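K.L.:
model the following, please.
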Amino acid sequence: MKHTINIDTTIAAPASLVWQYFTAPQHITQWNFATPDWQCPSAENDLKPGGKYKARMEAKDGSFGFDFEAVYDEVVTHKKLAYTITDGRKVVTQLEPVADSTRISTTFEAEDQHSPELQRAGWQAILDNFKNYAEAQQ
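P.N.:
Down below sits the predicted model:
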């Protein structure tokens, strides 16, 4: 059984806007990186079961980059995304209205190359970057 990791944050915006900022390629490229020395120059997102997600992640200095790719297993608009990464790991992201905000939580299966703590920190940093971006759009 694979080790799972959970991350979450609460965003001061309604679920409909959080969904838009989280799923639209023109927004994904603005927040999908953990640190300011990285970037996401391109993103594609076909939001339907069997649809593909692809985001290019690169160090700004050009020293390293990779494509993050997945296929959607389930899409429930404004509520849930479930997908399988090309390496076979499963990821589930859920949006839950909380007063005038939205809690977003992601559970993902850990990979074997990096410690769970490092993976949690990296994914949480990206989610925190998303929170900052989404709230700045208000």
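K.L.:
for S16, give me its contacts.
P.N.:
Each residue near S16 by Cβ atoms under 8 Å, 6 or more residues apart in numbering is listed here: H78. Backbone N, C-alpha and C define where each C-beta goes, glycine included.
K.L.:
quick one: it is in a helix?
P.N.:
Yes - checked against DSSP: H, G, I helix; E, B strand; the rest coil, S16 lies within a helix.
K.L.:
where are the low-confidence patches of the chain?
P.N.:
By pLDDT under 70, the weakly predicted segments of the chain are 1.
K.L.:
elements contacting the longest helix seen in the chain?
P.N.:
As assigned by DSSP state H, the longest helix anywhere in the chain is helix 116-136. The helices and strands touching helix 116-136, judged by 3 or more Cβ pairs under 8 Å, 6 or more residues apart in numbering; DSSP states H and E, are strand 4-11, helix 15-23, helix 25-31, strand 101-109.
K.L.:
now do the closest residue to F22 other than its chain neighbours against W31, distance only.
P.N.:
Spatial nearest neighbour of F22, excluding adjacent residues (Cβ to Cβ, 6 or more residues apart in numbering): F130 at 6.6 Å. To W31, F130 is 5 Å away according to Cβ to Cβ, to the nearest Å.
K.L.:
now the common contact residues for those two.
P.N.:
Y21.
K.L.:
contact partners for the residue nearest to F22?
P.N.:
9, 11, 21-22, 31-32, 104.
K.L.:
can you lay out these as JSON lines showing distance to I85?
P.N.:
Output for these, formatted as JSON lines (distance: Cβ to Cβ, whole Å):
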{"residue": "T9", "distance to I85": "21"}
{"residue": "I11", "distance to I85": "24"}
{"residue": "Y21", "distance to I85": "21"}
{"residue": "F22", "distance to I85": "17"}
{"residue": "W31", "distance to I85": "19"}
{"residue": "N32", "distance to I85": "14"}
{"residue": "I104", "distance to I85": "18"}
